[in-house]
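**Student:** kindly return the folded structure for what I paste below:
(chains A and B)
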Number of protein chains: 2
Amino acid sequence: MDVSIIGVGQTEVKEMWETSIRHLSWYAIEAALDDAHVSKVDALFVGNMLAGELSQQNHLGALVADFAGMRGIEAVTVEAADASGGAALRQAVLAVKSGMVKTALAVGVEKMTDQTGASVTRALATGLDTDYEMMQGLTTAGMGALIMRRYMYEHGVELADFAGFSVNAHANGADNPLAMFRNRLRAESFISAPLVADPVSLFDMAPLADGAAAVIVTSKERAMDMVPQPVEIVGSAIATDAFALHDRRDLLWLKAAELSAQKAMAQAGVVHDDIDLFELHDSFTIMAALSLEATGFAERGKGWQMARDGEIARNGRLPISTFGGLKARGNPGGATGMYQIVEVVRQLRGQAGACQIADAKIGMAQNIGGSGGTAVTHILQIRD
Amino acid sequence: MDVSIIGVGQTEVKEMWETSIRHLSWYAIEAALDDAHVSKVDALFVGNMLAGELSQQNHLGALVADFAGMRGIEAVTVEAADASGGAALRQAVLAVKSGMVKTALAVGVEKMTDQTGASVTRALATGLDTDYEMMQGLTTAGMGALIMRRYMYEHGVELADFAGFSVNAHANGADNPLAMFRNRLRAESFISAPLVADPVSLFDMAPLADGAAAVIVTSKERAMDMVPQPVEIVGSAIATDAFALHDRRDLLWLKAAELSAQKAMAQAGVVHDDIDLFELHDSFTIMAALSLEATGFAERGKGWQMARDGEIARNGRLPISTFGGLKARGNPGGATGMYQIVEVVRQLRGQAGACQIADAKIGMAQNIGGSGGTAVTHILQIRD
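**Tutor:** I've put the predicted structure just below:
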């Protein structure tokens, strides 16, 4: 890998009814351009899942390029359900690696809170299998519930055993001024929260949100001359799995998460102990547990123990969700994967403020789409 | 450029109510795999515009990878309105050029005819500017009408002067067994056709359709060992323009078409006379005329004369729409750009059947999104 990040930007994550998709995108892009000290790029990759459904706006590549003052440049939208953000960065990496694009901008943007809950629930389910799952009434929360119930049954754990993930996310989010939820959460509240889809409760799943985040990449050589703290992308991989839950050989194994992490780690030449933090896809606590297991940080059936034992805290063995994760920072769909990258970059640069973890040199981000049909893994490294 | 095409496949273009998106995709992919004599690829790029809106199905990358028996591989969806097909091929090219992907599959797929005309018209308008154009009632036909009316006024031409484009498209489509419309069209019928959006008439605009087409690419070196007739991609470029019509400096100049063609021709090291055929984006006759002008094959205001003078016929100076183009082969949205590529490949290989033009060595394809906000140009070449 010879691609480095030279600039990152992000907006607050919250309900922003007065802000359009183009404005959201621009705020993140403007911050990233400022950060990289450049005014233009050669290609734009927009990660987005639901603008067509929820804002009746497709063709975001050209729209955002134009609004960002970059009329003429190469631009497309990249979609892989909730993994659209990570997938957009992956295309930017490939573009720079190809030698056909010098500097590429990846922006993840999503606007989900203008519509009714029913509309958004329905739109989100388009990331599942429409013909075989959504048509039978499956929602993303229902999907999370099916997996979680099976996990509880197979591994003999209870709802309370997942509390640590949400408690950790909120503890970190409380220190992130851009987070949607900045309140701390007690384990007792987690357990008594209203159910959304038994056993998934309100405090178990990440909130839908509006937001945008942007990342600018160029070749490693150019990056070293351009910014004081380039962050190298040492691993970048997308993998897929059986699309529908009923087609999985193993309901409790995120094969795409495993595959993409293995590929990215092989590219980076790192082992688990080398990784200082892991921004994972905690859309549900069960997804956090399964991600830790599939990527090899925990044994099968024991991911939840890392939360119970505090290993995922900012001072733990493997900090996760260091800015609040999807649960507390908020989950703006196709932008989420880009927030993960921005957050890892801030940690590696030592610019994480109150969320800073100590001595972070190598960080991993993993963005998951649908019920695990797509997983995108990036490994970032800062050199001394 | 060091990327070559080793396989192509396509389905019929028509109304296919009984065929799902995954099946459509698979039929095209299966044909392309057979053509390339391979059973698997390393990455999949799905070009699609409206599956989310019209079939409530997003996340096509993982879905199609799974259904095509390639569970595990890298896969994403690429969207740039009607230019999604060309844009997906562009990502496949970048992926192979990057060295991170050996063999990539690009499939364009669209299913538009299951819904009511009003739903589809509304969905298609999401490729225009929703906040400033669609909300005021602009449709794609209305967009075509605004541009066409201005062209007629500025250049002093009449509706009848555009007839040659549709007559040529239908003459060629009549020889293409996969085309949606295989009837010949007389200029008199063109002139007397019912108006859709004055001056755009029924025989002036391309029909919406279902369809899928697929292209497999790998490095030029590998391609030479794999298939007897590899087709090299010697030029590949995407460019953008002002997104909304009202923001264009010049309503009659497709700047993105000009820019992407210039880039692709510079990469290929070819001049206009070297190009033996041009599969252009004739969604409306006015778009065909403007494409010829923006790409430099005709002078400003004179694109329509190439149709009048028969220069665009299969035995003319620059054959266009050789299998019927969008007008007669049919326009399955995000699949259209991939059909263009498949058709150029068939011409260069001498496998165009009754649609064959003589001595085709270099062909160009241009896929346009929205009202011209995106243009993707590819130049293909076959070596003796």
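**Student:** per-residue confidence for residue A:384?
**Tutor:** Residue A:384 is assigned a pLDDT of 80 by the prediction.
**Student:** equivalent analysis for residue A:115, please.
**Tutor:** According to the predicted model, the pLDDT of residue A:115 comes to 89.
**Student:** correct me, but it touches residue A:54?
**Tutor:** Yes. Using CB atoms under 8 Å, residue A:115 and residue A:54 qualify as a contacting pair, with a distance of 5.2 Å. (C-beta placed from N, C-alpha, C; glycine too.)
**Student:** quickly list what the residue nearest to residue A:107 when sequence neighbours are not counted is bridged to.
**Tutor:** Closest residue to residue A:107 in three dimensions, ignoring its sequence neighbours and counting by CB to CB, 6 or more residues apart in numbering or on different chains: residue A:214, at 4.2 Å. Residues in a beta bridge with residue A:214, per DSSP bridges, are residue A:9, residue A:107.
**Student:** would you mind listing what in the stretch 251-384 of chain A touches chain B?
**Tutor:** If contacts are counted using CB under 8 Å from any CB of the partner chain, the residues of the stretch 251-384 of chain A sitting beside chain B are A:255, A:256, A:259, A:369, A:370, A:373, A:374.
**Student:** hang on, the earlier thing: can you pull the contacts of the residue nearest to residue A:107?
**Tutor:** For residue A:214, the contacting residues are A:7-10, A:25, A:28-29, A:31-32, A:105-108, A:338, A:342, by CB atoms under 8 Å, 6 or more residues apart in numbering or on different chains.
**Student:** closest to residue A:198 among these?
**Tutor:** For residue A:198, the closest of the contacts of residue A:214 turns out to be residue A:108, at 31.5 Å, with distances computed as CB to CB.
**Student:** re earlier: ok, the residues of the stretch 251-384 of chain A next to chain B vs chain B, which is closest?
**Tutor:** Of all these, the one with the least separation from chain B (CB to the nearest CB) is residue A:373, at 3.6 Å.
**Student:** which of the contacts of residue A:214 has the most neighbours?
**Tutor:** By neighbour count, taken as other CB atoms under 10 Å in any protein chain shown, the most surrounded of the contacts of residue A:214 turns out to be residue A:108 (36 neighbours).
**Student:** from what I see, that one and residue A:213 are in contact.
**Tutor:** Yes. Here residue A:108 lies in contact with residue A:213, judged by CB under 8 Å, at a distance of 5.4 Å.
**Student:** what's the overlap in contacts for the two?
**Tutor:** The overlap between the contact sets of residue A:108 and residue A:213 (CB under 8 Å, 6+ apart) consists of A:85, A:335, A:338, A:339.
**Student:** just give the closest residue to the third one, not the sequence neighbours.
**Tutor:** What it means is residue A:338. On the basis of CB to CB, 6+ apart, the spatially nearest residue to residue A:338 that is not a chain neighbour turns out to be residue A:108, at 3.2 Å.
**Student:** try the second one
**Tutor:** Counting by CB to CB, 6+ apart, the nearest residue to residue A:335 once its immediate chain neighbours are dropped is residue A:108, at 3.7 Å.
**Student:** distance of residue A:268 relative to residue B:94?
**Tutor:** In this structure, residue A:268 lies at 21 Å from residue B:94, with CB to CB, to the nearest Å as the measure.
**Student:** more crowded one of those two?
**Tutor:** Comparing residue A:268 with residue B:94 by other CB under 10 Å, the one with more neighbours is residue B:94, at 30 against 24.
**Student:** any residue of the helix or strand hosting that one touching chain A?
**Tutor:** Remark: residue B:94 resides in helix B:84-98, with elements defined by DSSP states H and E. Yes. With CB under 8 Å from any CB as the criterion, chain A is reached by helix B:84-98 at B:87, B:90, B:91, B:93, B:94, B:95, B:97, B:98.
**Student:** check contacts around the spatially closest residue to residue A:157 that is not a sequence neighbour.
**Tutor:** Take residue A:157 and drop its neighbours on the chain: the residue closest to it by CB to CB, 6+ apart is residue A:304, 5.9 Å away. Going by CB under 8 Å, 6+ apart, residue A:304 touches A:155, A:157, A:161, A:162, A:164, A:165, A:285, A:289.
**Student:** just the buried members of the residues you listed?
**Tutor:** In the contacts of residue A:304, burial by neighbour count holds for A:157, A:161, A:162, A:164, A:165, A:285, A:289, counting by 16 or more other CB atoms under 10 Å in any protein chain shown.
**Student:** now secondary structure and pLDDT too, for those residues, in CSV please.
**Tutor:** Putting these into CSV (DSSP: H, G, I helix; E, B strand; the rest coil; pLDDT from 0 to 100) gives the following:
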residue, secondary structure, pLDDT
A:157, coil, 97
A:161, helix, 97
A:162, helix, 98
A:164, helix, 98
A:165, helix, 98
A:285, helix, 98
A:289, helix, 98
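**Student:** can you give me the helices in the stretch 151-300 of chain A?
**Tutor:** In order along the chain, the stretch 151-300 of chain A carries the following helices (DSSP state H, counting those that start in this stretch): A:163-173, A:187-192, A:220-226, A:255-268, A:285-294.
**Student:** just the mean pLDDT for the third one, thanks.
**Tutor:** Helix A:220-226 shows an average pLDDT of 96 in the prediction.
**Student:** repeat for the fourth one
**Tutor:** Along helix A:255-268, the predicted local confidence has a mean pLDDT of 98.
**Student:** buried ones in that helix?
**Tutor:** Within helix A:255-268, the residues that qualify as buried by neighbour count (16+ other CB under 10 Å) are A:255-265, A:267-268.
**Student:** how close does the residue lying closest to residue A:238 once chain neighbours are set aside get to residue B:307?
**Tutor:** Counting by CB to CB, 6+ apart, residue B:74 is the residue found nearest to residue A:238 once chain neighbours are left out, at 4.2 Å. The gap separating residue B:74 from residue B:307 is 42 Å, by CB to CB.
**Student:** those two: who's more crowded?
**Tutor:** Neighbours per residue, other CB under 10 Å: of residue B:74 and residue B:307, the larger number sits with residue B:74, 31 against 27.
**Student:** on the strand side of things, show who that one bridges to.
**Tutor:** For residue B:74, the beta-bridge partners are residue B:43 (DSSP bridges).
**Student:** confidence score at it?
**Tutor:** 98.
**Student:** does it touch residue B:42 like I think?
**Tutor:** Yes. The criterion here is CB under 8 Å, and residue B:74 meets it with residue B:42 at 6.7 Å.
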